[in-house]
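>>> sequence first, predicted coordinates after that:
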Amino acid sequence: MFKKIDHIGIAVSNLEQAVKTFELLGFQIAGTEEVPEQKVKVAFFPVGESNLELLMPTDEKSAVTRFLMNHGEGIHHIAFLVENLEGMLAALKEKGFNLIDEKPRPGAHGKKIAFIHPKSTNSVLIELCEVVDDGE
Ligand SMILES: C[C@H](C(=O)O)C(=O)SCCNC(=O)CCNC(=O)[C@H](O)C(C)(C)COP(=O)(O)OP(=O)(O)OC[C@H]1O[C@@H](n2cnc3c(N)ncnc32)[C@H](O)[C@@H]1OP(=O)(O)O
Ligand SMILES: [Co+2]
């Protein structure tokens, strides 16, 4: 089921400036990446077995644009690394969870990701992510 906290997503309006802040704090950036399907650009900072994921919208239709408009910058989601994401989504749907994604979608680092609606999880946006086996 849940292998670890893969990352904590932090929504920011200016990625470059936020990266500088977290580097000043002492974090080492591992890299940045655009994820077109999610209309975001992300910066990853490894922290032990997890990561900080700073994310900035790349389009006004991005989900993060709306979040920044309504909420401002801040913690956006928690991502858990799981196995058999597809099977997990079917099981969670069975259990009555409101799924934003019923099927896995492309995420950062070539992972497959899917989101559960925060309405089902005490107003915490949960992302499930799975490493894609290259042999697939
Ligand atoms: C690529 C990278 C990766 O890791 O690989 C990523 O993370 S991509 C990360 C960016 N992509 C995503 O976030 C995709 C999943 N998110 C979404 O589909 C959407 O943001 C959403 C469905 C959660 C909310 O969209 P929406 O249009 O309904 O937004 P609204 O503003 O109307 O919000 C509806 C209700 O959800 C709440 N809400 C919205 N966003 C969040 C959030 N991040 N955490 C907790 N609650 C939230 C609002 O407060 C509101 O509650 P109330 O009704 O009580 O006021
Ligand atoms: Co994420």
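Okay, I see it. Ligands and ions are numbered 1, 2, ... in the order given.
>>> next, count neighbours for residue 52.
Residue 52 sits with 19 neighbouring residues when counted by other CB atoms under 10 Å. All C-beta atoms are positioned from the backbone trio N, CA, C, and that covers glycine.
>>> quick one: what helix or strand has it in it?
strand 50-57 (DSSP states H and E).
>>> and the helices in this protein?
15-25, 63-71, 85-94 (DSSP state H).
>>> in TSV: those helices, plus distance to residue 130.
Listed next are those as TSV, based on distance: least, CB to CB, whole Å:
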stretch	distance to residue 130
helix 15-25	25
helix 63-71	20
helix 85-94	4
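>>> dump these into a markdown table; add distance to residue 6 and mean pLDDT as well.
Below are the helices of the chain laid out as a markdown table (distance: least, CB to CB, whole Å; pLDDT from 0 to 100):
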| stretch | distance to residue 6 | mean pLDDT |
| --- | --- | --- |
| helix 15-25 | 17 | 98 |
| helix 63-71 | 18 | 98 |
| helix 85-94 | 12 | 98 |
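>>> quick one: average pLDDT of the strand holding residue 52?
In this model, strand 50-57 carries a mean pLDDT of 98.
>>> and the helices of the chain: which comes nearest residue 45?
helix 15-25 (5.8 Å; CB to CB).
>>> residues contacting the residue lying closest to residue 104 once chain neighbours are set aside?
Leaving out its chain neighbours, the residue that sits closest to residue 104 by CB to CB, 6 or more residues apart in numbering is residue 112, at 3.7 Å. By CB atoms under 8 Å, 6 or more residues apart in numbering, residue 112 lies in contact with 85, 104, 105, 106, 129, 130, 132.
>>> do residue 123 as well
With CB under 8 Å, 6+ apart as the criterion, no residue contacts residue 123.
>>> ok so, going back, for ligand 2, find the nearest of the helices of the chain.
helix 63-71 (10.2 Å; CB to the ion).
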